[in-house]
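Quick one: sequence plus predicted model below, questions after.
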Amino acid sequence: MKLSKFAIGRSAALLAMVVAYTMVTAQAQTSSPADSPQLEDLQARLSRAKAQLEDWPNLERYREANATVAAPAKDEQRAVFMGDSITDLWAKTPQSGGFFPGKPYLGRGIGGQTTPQMLVRFRPDVLALSPRVVVILAGTNDLAGNTGPMTPAETEGNLASMAELARVHGIKVVLASILPVSSYGHRADGTPWDATVDRSPEKILALNAWIRKYAADKHLVYLDYFSQMVDDKGMLKRELSEDGLHPNRAGYAIMAPLAEQAIQAALKNKK
């Protein structure tokens, strides 16, 4: 019997929760006060695994926020940004430099998410909000295997399905390239981090080539972040990220006008 991605995700979350619970229990029985940071980390992992098991696509994240979104005004050019942590951080952190002040744009990113999770929540987090345009930035976590191994065809199929759902509902589609990554970054604790280990430049180039071609074939707008943020080594420019994966304020400052241009192009797109 072939399990669905959803079933595999739930099984993985259940296994992670069992392992984390076992580790937390064992650690609690033998820990001293000096071990409390490690115990807190294990407890946090257990909490994340439990949340993933109970709500794998994280539909809860924007449920209340979506309920407060009024129907768009007659001439409102509402846009929804669907994505992962890059979109999430852009919309919710001051460090990003702000998320399109004064624009009727909604951020619906969730850190760590993959395309199958986004596809599950596409109806409540995009379609139900009745935008004129959706900007989809997704796929980097598929390459990293955040919800298990995925083939390129599976990622491509999920991106295509989101685009098809949007178009059936009269929503213009902007498909964004995924960003380059680098080995120049560091973790929050200051230790070096090579983001290319999980997300090879070759896989990023291949996925972006598919996104570009699909957008052209289907008369969608292709939003090319990659070429504006890559250095001569094929990596995310050092000055645009602290960790080699997520943009900093300078990175978002490059992305914002590109996204705005893409949204305006989509609004004018007659296809």
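Now that the structure is in, tell me what you want to look at.

Quick one: neighbours of residue 228, just the number.
15 (other CB atoms under 10 Å). Yep, even glycine has a C-beta here, placed from its N, CA and C like the rest.

Test my guess that it contacts residue 257.
No. Contact criterion CB atoms under 8 Å: residue 228 and residue 257 do not qualify, at 9.7 Å.

residue ranges for the strands of the stretch 1-150 of the chain, please.
79-83, 105-109, 133-137 (DSSP state E, counting those that start in this stretch).

next one: the stretch 151-271 of the chain
Using DSSP E, counting those that start in this stretch, strands in the stretch 151-271 of the chain cover 172-176, 185-186, 192-193, 221-223.

Save those as TSV, and put in mean pLDDT and mean neighbour count too.
Listed next are the strands of the stretch 151-271 of the chain as TSV, based on pLDDT from 0 to 100; neighbours: other CB atoms under 10 Å:
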stretch	mean pLDDT	mean neighbour count
strand 172-176	98	25
strand 185-186	96	16
strand 192-193	94	14
strand 221-223	98	21
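
can I get the ones you listed in JSON lines with distance to residue 96?
Formatted as JSON lines, these follow (distance: least, CB to CB, whole Å):
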{"stretch": "strand 172-176", "distance to residue 96": "16"}
{"stretch": "strand 185-186", "distance to residue 96": "17"}
{"stretch": "strand 192-193", "distance to residue 96": "20"}
{"stretch": "strand 221-223", "distance to residue 96": "17"}
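
how near is residue 220 to residue 122?
16 Å (CB to CB, to the nearest Å).

What about the nearest residue to residue 104 once chain neighbours are set aside, how many residues nearby?
The shortest distance from residue 104 to any residue other than its chain neighbours is 4.6 Å, reached at residue 78 (CB to CB, 6 or more residues apart in numbering). Per other CB under 10 Å, the neighbour tally for residue 78 reads 19.

Show me how this structure divides into domains.
Per automatic domain parsing, the domain ranges recorded for the chain read 5-54, 63-268.

Need the winner for burial among those domains.
domain 63-268 (a mean of 18; mean count of other CB atoms under 10 Å).

just how off-centre is that one within its chain?
6 Å (CA atoms, centre = their mean, to the nearest Å).

quick revisit: lowest average pLDDT across the domains of the chain?
Lowest mean pLDDT within the domains of the chain: domain 5-54, at a mean of 59.

who's in contact with the residue nearest to residue 104?
By CB atoms under 8 Å, 6 or more residues apart in numbering, the contact set of residue 78 is 72, 104, 105, 106, 129, 130, 131, 132, 133.

For it, give me phi and psi.
phi -70, psi 140 (degrees, to the nearest 10).

Now do the same contact list for residue 232.
Applying CB under 8 Å, 6+ apart to residue 232 gives no contacts.

most centrally placed residue in this protein?
residue 84 (1.4 Å; CA atoms, centre = their mean).

hmm, back to that, residue 61: which of the contacts of residue 78 is nearest?
residue 106 (12.9 Å; CB to CB).

and the gap between the closest residue to residue 249 other than its chain neighbours and residue 255?
Of all residues not flanking residue 249 in the chain, residue 97 sits nearest, at 4.5 Å (CB to CB, 6+ apart). To residue 255, residue 97 is 10 Å away according to CB to CB.

how about the residue nearest to residue 249, what does it touch?
Residues near residue 97 by CB under 8 Å, 6+ apart: 249, 252, 253, 256.

Contacts only, for residue 82.
Going by CB under 8 Å, 6+ apart, residue 82 touches 108, 109, 118, 122, 125, 126, 134, 135, 136, 137, 138, 162.

Residue 96 contacts residue 86, doesn't it?
No. Judged on CB under 8 Å, residue 96 makes no contact with residue 86 at a distance of 9.6 Å.

thinking again about what came up before, how about the strands of the stretch 151-271 of the chain, which one is nearest residue 144?
Closest approach to residue 144 among those is made by strand 192-193 (12.5 Å; CB to CB).

Give me the residues contacting that closest one.
Contacts of strand 192-193 (CB under 8 Å, 6+ apart): 185, 186, 187, 243, 244.

Look up phi and psi at the residue nearest to residue 249.
phi 90, psi 0.

In this structure, what residue spans correspond to helices?
With DSSP state H as the criterion, the chain has helices at 5-30, 36-54, 63-67, 85-92, 115-120, 122-125, 140-144, 152-168, 201-217, 226-229, 249-268.

Cheers, nothing more for now.
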